[in-house]
Structure formats: structure tokens, C-alpha cells
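**Student:** when you get a sec, could you give me coordinates for this:
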Amino acid sequence: MKLITIVGARPQFIKAAAVSRAIAAANEAGAGITEKILHTGQHYDDRMSRVFFTQMGIPDPAYNLGVNSLGHGAMTGRMMEGIEEVLQKERPDCVLIYGDTDSTLAGALAAVKMKIKVAHVEAGLRSYNRAMPEEINRVVADHVSDILFCPTKIAIRNLEAEGVGPGLVNPADVVLSGDVMYDCAMYYASFAKEQAQAFAPGSDLARALQGPGGKPRDFVLATVHRAENTDDPTRLAGIMEGLRRVCGTMPVVLPMHPRTRKLAEAAGLNLRGAIPGLHVVEPVSYFDMLLLTSRCRMVMTDSGGLQKEAFFFAKPCVTLRDETEWKELQELGANLVCGAGPDAIAESFGKMLEAKPDFAKKPYGNADASAKIVAYLAR
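**Tutor:** Have a look, this model is predicted:
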């Protein structure tokens, strides 16, 4: 069996690492799966791309299209053109796509037009906010895919409501696989302790978060990168003001996405030491992010992946958006969605400090999603 895996953004590298590792294990048992990775180039900064392949042992991409820094339409079109050329050359049995980026959409459309099977990992997620580019990407990808690997039961119900599944209008295969990010978090947690640099002795962050007697201080881990927040100066300013208020109680560590930094500066937001207690750092590796998540007191983010990783490490989460795809986290009391208003952010921070979420439940499976996906593909 010949697979082409299409990735382009940081979360996809993480998910692909888990599945590639499962493919290697299956091949040792005689599965006979050939995987080639196609990197669209969507995340091209070494801190957002190259470091993941190096640290996580992901096979080097066989192809890198180098498509980035364009509008959604232009970027998706260029990606489709490049992907089509690769698929014509390789003639794979299946194209494997992940998540909800422009790379996901381009891979799905290019493959389905060539009548190549499409398997979508992390299918069925819905925010029901069509203003989000990611929502459009995931809906279209789901409806043209042949195999839909769903991380949760809620995702399966979302697809059924849209007529997707065996015996429905769109009779695609729907598989409850669990979440591959859970696989990654559990597998790489031990590596993170050894290889992460965030708290290296003598580092600026280690000194900043050192309390009396050398004891580490509690801190909030925050990230902001969604276009709905970064492209709207009012929302971005509201989030930064909300984080400023949180800093009055607890330090905030904010690894800054390059695009977010650029837009914040364009909006006149001074982030260079202007807010006491706010530690703005460069993008960090996956291992560093795992370590920060495992050691923080709370997560505040607009990232879908980090919402889940907070849960994996039993950390309460405040989501800096107006909705979330991960409804089960809300049901378990682990995630509070608050939007971008400073009052709501400060109030939600206080509520989640007192919250007692149910972290014992396992809505994302048992950290064996990758093996289930590969076993299904091999059949």
C-alpha cells in the first residue's frame, strides 16, 4: 500500500509523527505500507517546521512545495497545483490529511479530483462558525473524504447530522479512532523532560518564574494565533488587556507566533516588557510546549490542539474564542470559553482557578489512536 501524507502546519507535524511511528511498527510486522510525506510549506519558519521533523523523528518530506505567505485562495490554489503534480507522479493508493488547514483542504480537493482515496485524521470537528477559515476547510475535507477518523463520539454525531456515514447520503467510512495528539503527548512527555530548554538552569524564563527559596512559581501558559483574534486589532488588544489583568495575580508565559507578533506591532501593541509579569518568548519546540503545559497552573489559548493538551496534563483551560470544537471539554468542566473581552478573560481566569474539572474521563481514547488508524488503512 502506498500512502502520501500531506502536512503543512505545526499541529499536522505532531499528528503525523504519531501515525508515521505506527506505520513503522506495522511494517515490522509485515504490513508493507510505503509512506511519503509531502510538506506544502505552509509553515516555513524553522521554529515552526524544521525543528519538529528533527526532534520528533518524523521522516524527512519527500516533497516540499514551499507555498506560503499568500492569501487563502492563492495559497490553496498553488498547493493544489503542486499536490496534483506529485500525485500524478506517485499514484498512491490513498492520501492522508490532517486537521483543518489550507494544506488539508488542498490535499483533499487535489486527491478527490484524481479519484484517489482520501483519509481524514481528526474528522468531524465543528465550531459552527463559518467565519473561521478552519471551519470551511474541515467541512469540505470531511465531505469529500472516503475514510473519516474521528477523535470523539461527538465528532461522529456531527458527521451523522450532515448525512455522512454508512447508510447515509454520503456513505463514507467513519471510524472512532481516538485522538492522535493524545498518543503524542503521552509518548513524548518523557522526552520533553530531557530535551526541553524552556526551564534550562539559568535561562531567562527559569529565573523569571523562580519564587522564594528557589521554588518554581505558578504561571499561566497562553497562546494567541487564530486569525479571528490576530487580524482584528480590537480583539487582539482586548486579549492583551485581559492577560495584563491576569498578570496581576499570576505570571503569564506567552510563546509568540511570528505572525501574531507582526500584527501586534502593526496594531501599536508594545509587548516588549511593557506588561509586568508577561513573559513574551519566541516560538518554542513541541517538547518545550509539553513541558510548559505540564508545569503551568492554567492554559489560556485560542489553539484547538493546546485545549486538548491542557486536558491531557490535567490543567484547566480558558479558551480565547467565542466557541470551541472540543465540546466534551466544556461538558467535563475543563474548558471555559470566554471570547476576547478583557473583563470576560479576567473573570474566567478566576473561575477556572477554583474549578474542579473531571480529568479522570477519557474522551480521546487510550493513546492508541495511531495504531487503530494504521490497522484500518492496512486492511
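**Student:** ranges for the strands of the stretch 1-150 of the chain?
**Tutor:** Taking DSSP state E, counting those that start in this stretch as the test, the strands found in the stretch 1-150 of the chain are 2-7, 34-39, 63-64, 94-98, 117-121, 147-150.
**Student:** got a markdown table for the ones you listed, with mean neighbour count too?
**Tutor:** The C-beta positions use only the backbone N, C-alpha and C, and glycine is treated the same way. What follows is these, written out as a markdown table (neighbours: other C-beta atoms under 10 Å):
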| stretch | mean neighbour count |
| --- | --- |
| strand 2-7 | 25 |
| strand 34-39 | 21 |
| strand 63-64 | 18 |
| strand 94-98 | 26 |
| strand 117-121 | 24 |
| strand 147-150 | 26 |
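**Student:** what are the ranges of the helices in the stretch 51-200 of the chain?
**Tutor:** Listed in chain order, the helices of the stretch 51-200 of the chain (DSSP state H, counting those that start in this stretch) span 72-90, 102-113, 133-144, 153-161, 180-195.
**Student:** any idea of the angle the shortest one forms with helix 133-144?
**Tutor:** Same thing as helix 153-161. Counting by axes from the mean of the first three to the mean of the last three C-alpha atoms, to 10 degrees, helix 153-161 lies at 60 degrees to helix 133-144.
**Student:** start the count at 48 instead of 1 going forward.
**Tutor:** Right, with 48 as the first residue, what we last looked at is helix 200-208.
**Student:** format the helices of the stretch 98-247 of the chain as TSV; extra columns: distance to Ala425, mean neighbour count and mean pLDDT.
**Tutor:** Shown next, in TSV, are these (distance: least, C-beta to C-beta, whole Å; neighbours: other C-beta atoms under 10 Å; pLDDT from 0 to 100):
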stretch	distance to Ala425	mean neighbour count	mean pLDDT
helix 119-137	19	17	96
helix 149-160	19	25	97
helix 180-191	22	20	96
helix 200-208	22	18	98
helix 227-242	16	19	89
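**Student:** for Arg273, find the nearest of the ones you listed.
**Tutor:** helix 180-191 (8.1 Å; C-beta to C-beta).
**Student:** re earlier: got a markdown table for the helices of the stretch 98-247 of the chain, with distance to Asp369 too?
**Tutor:** Output for those, formatted as a markdown table (distance: least, C-beta to C-beta, whole Å):
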| stretch | distance to Asp369 |
| --- | --- |
| helix 119-137 | 20 |
| helix 149-160 | 22 |
| helix 180-191 | 12 |
| helix 200-208 | 18 |
| helix 227-242 | 23 |
